[in-house]
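In: I'll drop the sequence and a predicted model, then ask my questions.
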Amino acid sequence: MTSEQWCRQFAGNLREAMGIAKMRPTDLAFHSRLSESNISKYLAGTQMPTARALVNMSEALGIRVDDLVSFGEHVD
């Protein structure tokens with residue numbers, strides 16, 4: 001899986017999790033202590049989140065990190 005594919009997959013998973021949690025990007029930014037700009041980039045699939053960002057977002061959404069990302073495949 002390329003990094004672009006990984007970003008797109010992550011963006012879709014993040015959108016789905018936010019929909020289930022009924023959370024807007026501004027809500028996620030606040031609860032995860034991340035910038036709205038970074039949340040927008042993650043949702044657009046243009047930036048890969050750091051490990052810290054993944055943990056913060058999963059905690060804010062009340063899900064596991066592996067609900068947001070698949071660690072089963074190598075990222076080129």
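Out: On my side now, so go ahead. Note that the structure is a prediction, hence the values are computed from the model and not measured.
In: For this structure, which residues score under the pLDDT cut-off?
Out: Scanning the chain for pLDDT under 70 picks out the ranges 71-76.
In: which residues in it form helices?
Out: 3-21, 25-32, 36-44, 51-61, 65-68 (DSSP state H).
In: Next, the angle from the second one to helix 51-61.
Out: This means helix 25-32. 110 degrees (axes from the mean of the first three to the mean of the last three C-alpha atoms, to 10 degrees).
In: and helix 25-32, what does it pack onto?
Out: Counting contacts by 3 or more C-beta pairs under 8 Å, 6 or more residues apart in numbering; DSSP states H and E, helix 25-32 packs against helix 36-44, helix 51-61. Quick note: C-beta positions are derived from backbone N, CA and C, even for glycine.
In: swap in the third one?
Out: Applying 3+ C-beta pairs under 8 Å, 6+ apart, one finds that helix 36-44 makes contact with helix 3-21, helix 25-32, helix 51-61.
In: Nearest to Leu68, out of these?
Out: helix 3-21 (5.0 Å; C-beta to C-beta).
In: which residues are contacting the closest one?
Out: For helix 3-21, the surrounding residues in contact (C-beta atoms under 8 Å, 6 or more residues apart in numbering) are 1, 24-25, 28, 42-49, 57, 61-63, 67-70, 75-76.
In: got the buried residues for that helix?
Out: Trp6, Cys7, Gln9, Phe10, Ala11, Asn13, Leu14, Ala17, Met18 (16 or more other C-beta atoms under 10 Å).
In: can you redo the helices and strands packed on helix 25-32 as a markdown table with mean neighbour count?
Out: Below are the helices and strands packed on helix 25-32 laid out as a markdown table (neighbours: other C-beta atoms under 10 Å):
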| stretch | mean neighbour count |
| --- | --- |
| helix 36-44 | 16 |
| helix 51-61 | 17 |
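In: Check the spacing between the closest residue to Met48 other than its chain neighbours and Val55 real quick.
Out: With C-beta to C-beta, 6 or more residues apart in numbering as the criterion, Met48 has its nearest non-adjacent residue at 5.7 Å, and that residue is Cys7. Shown here: Cys7 relative to Val55, a distance of 18 Å by C-beta to C-beta, to the nearest Å.
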